[in-house]
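Visitor: Next come a sequence and a model predicted from it.
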Amino acid sequence: MGTTQISAGAPGIPTQQVGIPHHPESALWTATILLVEDDAGDALLVEEMLSDSELDSALTWCKTLGEARTFLRASTAPVCVLLDLHLPDVHGLDAVRQILETDSEAAIVVLTGLEDSGTGLRAVAGGAQDYLVKGRLGPEILSRAIRYALQRKEVERAAAALRANQLMAQENARLERGLLPVPLLRDDLFRARARYEPGRVHGLLSGDFYDVVQTADGTVHAVIGDVSGHGAAEAALGVCLRVAWRTAVLCGTSHVEQIALLEEILVAERSDAHVFATVTSLVFPPDRRSVQILRAGHPGLLLRQGTGVTWVEPEGGMALGLLPGMGRWPTVDIPLPPGAGLVLFTDGLFEGRDGPESRLGEEGLLAMAQDNGHLPASAFVDALVAGAAEGAAPYGGLADDVAVLHLGWGSEDDEH
C-alpha cells in the first residue's frame, strides 16, 4: 500500500486524500483522515498502522482541537476524524460536540485508553460513529473502523435526507388537501358530487379546478376549469383562479364579470404567455326551473333526466388568455326539468387512448354515460372515471388531469 505521510501542528495543512477500497459495484471515492492527538508517540503508532493497513492513505495530524476545527472549516472532502478525548484545549465528550459543531458531516472514531470503554460508548451515543481502545489497535482493526465510520456517516446522511424529504412531502400534502375545494352549500336542497384525479405523479392538485357556492338568496353557482399544462405552476394557478372565482361570487359579481376577472388574473399570474384556461360556469336560480351556462373554450356537458343522458353544448366564447381583453362569452339559459342533473368535466376524461390510434372522444364518453344512466350521482361519476381509465390502461393510462362535477337540485334521498 502507499506510504502514509503525517503532517503535524499548524492549521490549514493541505488536505490529504485517502483512497478507501469499496465493494466492486460501488463507485471509487476518497475521504480525508484527520488525527487529533497531542501525544507524538500515539500519533506515530497510528501512522505506522495506517501504513501497514489495506488503506492507501495519507494522514493529517493536528495536536489541538483548535487546529482540527480550522482544518475542518477549510476541508471540502469527506473527513474521518480519529479523535483523542484528552487534548490541551478540550477534555472529554465536549471534543465530540465541538467537532460536530464545526463539521456535522464528519465521521468520528474516538480513541480511548484501556480503562475508558464506557467513555467510548458515551461518545458514540453523543454522535461519534465508533470508538477504539489505543492499547488494542491493529492495522486491520483501524482500517475497518475508518471504513465503517465513513459508511455509517453516509447512511446517517441519507437517512436524514430521507426523513427531511418525507416531512416535506407530508407538509405539501397537507397544504394541497387544504386547497382542495369544499362545496359551500347552505342547505340540502342542492346536491353536488365531484371526482378529482390529478395527472402529475404524487400530486393532489392539478391545473383542473372546480367549485360550488350557494349565495344567501339560494342561488347556486358552479365552475369547472382547466389550465393548460400539467406541472406544479399550473396547479398553483388553478387554485388561484378557483379562489378568485369564489371571492367574486360571494361579492356579488355578475356571471360575465366573473369570467372577465378570471382572465385578468390568469394573465397576471401565468408564468408563460402561452398558458390559457378553459372554463364552464353555471348559475342555478332558486326557482329550480333553469340553469344559466357560460362556456369559455370548455367542452360540453351531460344532461341527465331519469335514466337518459344527452350531450349539451351551448354557444360559448374563446378560452381565457388566448386574446386577453378580446373575449366575448354569451350566457345561455336552458330549461332544467325536475330531478335533472348536469355533469361537467375536463377534457382529460375523454382524451385518453382507447386503442393504438384512437381516443375515447366525446361520442365514446356519451355512449359510456348512457350505459350507466341508471346509476345514482356518485356511482355515475365513479363509473365514468373508471371506464375511461380502464379503456386507456393498455395504452399508458390517463395522462391528463381529470375533474368531474355532478350537479342538480334535490337531497341525497332524491338521487336516481
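Guide: All right, it came through fine. Residues are numbered from 1 along each chain as shown.
Visitor: which regions of the chain sit below the pLDDT cut-off?
Guide: Along the chain, the parts satisfying pLDDT under 70 run over 1-30, 56-58, 114, 167-179, 199-205, 411-416.
Visitor: now the helices: where do they sit in it?
Guide: 40-52, 65-74, 94-102, 117-125, 139-179, 232-250, 255-269, 361-371, 377-392 (DSSP state H).
Visitor: got the ones you listed as CSV, with mean neighbour count and distance to residue 300 columns?
Guide: For every residue, glycine as well, the C-beta is placed using N, CA and C. Below are the helices of the chain laid out as CSV (neighbours: other C-beta atoms under 10 Å; distance: least, C-beta to C-beta, whole Å):
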stretch, mean neighbour count, distance to residue 300
helix 40-52, 17, 77
helix 65-74, 19, 67
helix 94-102, 18, 64
helix 117-125, 16, 68
helix 139-179, 14, 28
helix 232-250, 20, 20
helix 255-269, 18, 17
helix 361-371, 16, 7
helix 377-392, 18, 14
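Visitor: Which of those sits closest to residue 59?
Guide: helix 40-52 (5.9 Å; C-beta to C-beta).
Visitor: What helices and strands are in contact with the closest one?
Guide: strand 6-7, strand 30-36, strand 59-62, helix 139-179 (3 or more C-beta pairs under 8 Å, 6 or more residues apart in numbering; DSSP states H and E).
Visitor: Turn those into CSV, columns for distance to residue 316.
Guide: As requested, the helices and strands packed on helix 40-52 are exported to CSV (distance: least, C-beta to C-beta, whole Å):
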stretch, distance to residue 316
strand 6-7, 78
strand 30-36, 65
strand 59-62, 74
helix 139-179, 27
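Visitor: which residues does the closest residue to residue 103 other than its chain neighbours contact?
Guide: Excluding the flanking residues, the one nearest residue 103 by C-beta to C-beta, 6 or more residues apart in numbering is residue 72, at 4.2 Å. Shown in contact with residue 72 (C-beta atoms under 8 Å, 6 or more residues apart in numbering): 34, 79, 81, 99, 102-103, 106.
Visitor: and these, which two are the farthest apart?
Guide: Longest span within the contacts of residue 72, C-beta to C-beta: 34 and 102, 11.1 Å.
Visitor: For residue 47, see how far away the residue nearest to residue 103 is.
Guide: Distance, residue 72 to residue 47, using C-beta to C-beta, to the nearest Å: 20 Å.
Visitor: same check, this time on residue 282
Guide: The value you get for residue 282 to residue 47, if C-beta to C-beta is used, is 82 Å.
Visitor: and the gap between the residue nearest to residue 103 and residue 55?
Guide: 20 Å.
Visitor: do residue 376 as well
Guide: Distance from residue 376 to residue 55, by C-beta to C-beta: 72 Å.
Visitor: cool, residue 221 as well?
Guide: 73 Å.
Visitor: Look at these two and report which has more neighbours.
Guide: residue 55 (25 against 22; other C-beta atoms under 10 Å).
Visitor: thinking again about what came up before, overlap in contacts, residue 34 and residue 102.
Guide: By C-beta under 8 Å, 6+ apart, residue 34 and residue 102 have these common neighbours: 68, 72.
Visitor: who does the nearest residue to residue 186 once chain neighbours are set aside bridge with?
Guide: Spatial nearest neighbour of residue 186, chain neighbours left out: residue 214 (4.8 Å); criterion: C-beta to C-beta, 6+ apart. Note on residue 214: beta-bridge partners by DSSP bridges are residue 220.
Visitor: likewise residue 297?
Guide: residue 279.
Visitor: List the residues that contact it.
Guide: Contacts of residue 297 by C-beta under 8 Å, 6+ apart are 276, 278-279, 316-320, 322.
Visitor: Residue 53 now?
Guide: Counting by C-beta under 8 Å, 6+ apart, residue 53 has contacts 1, 139-140, 142-143.
Visitor: now the residues you listed as a markdown table including distance to residue 43?
Guide: Output for the contacts of residue 53, formatted as a markdown table (distance: C-beta to C-beta, whole Å):
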| residue | distance to residue 43 |
| --- | --- |
| 1 | 19 |
| 139 | 16 |
| 140 | 20 |
| 142 | 13 |
| 143 | 17 |
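Visitor: Among those, find me the one that's closest to residue 116.
Guide: With C-beta to C-beta as the yardstick, the closest approach to residue 116 among the contacts of residue 53 comes from residue 142, at 17.2 Å.
Visitor: Residue 289 - how many residues pack around it?
Guide: Neighbours of residue 289 (other C-beta under 10 Å): 13.
Visitor: For residue 327, state which of the contacts of residue 72 is nearest.
Guide: Among these, and counting by C-beta to C-beta, the member closest to residue 327 is residue 103, at 59.5 Å.
Visitor: which residues does that closest one contact?
Guide: Applying C-beta under 8 Å, 6+ apart, the residues near residue 103 are 72-73, 75, 79.
Visitor: With distance to residue 259 added, can I get these in JSON lines?
Guide: Converted to JSON lines, these look like this (distance: C-beta to C-beta, whole Å):
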{"residue": "72", "distance to residue 259": "61"}
{"residue": "73", "distance to residue 259": "59"}
{"residue": "75", "distance to residue 259": "60"}
{"residue": "79", "distance to residue 259": "61"}
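Visitor: Which of those residues sits closest to residue 264?
Guide: For the contacts of residue 103, the nearest to residue 264 is residue 73 (52.7 Å; C-beta to C-beta).
Visitor: roughly how far apart are the closest residue to that closest one other than its chain neighbours and residue 72?
Guide: The shortest distance from residue 73 to any non-neighbouring residue, by C-beta to C-beta, 6+ apart, is to residue 102 (6.3 Å). Per C-beta to C-beta, residue 102 is found 5 Å from residue 72.
Visitor: Now do the end-to-end distance for stretch 288-304.
Guide: Taking C-alpha to C-alpha, to the nearest Å, stretch 288-304 runs 15 Å from one end to the other.
Visitor: Show me how far that stretch is from its chain's centre.
Guide: Centre-to-centre, stretch 288-304 and its host chain are 35 Å apart (C-alpha atoms, centre = their mean, to the nearest Å).
Visitor: With stretch 374-392 instead?
Guide: 28 Å.
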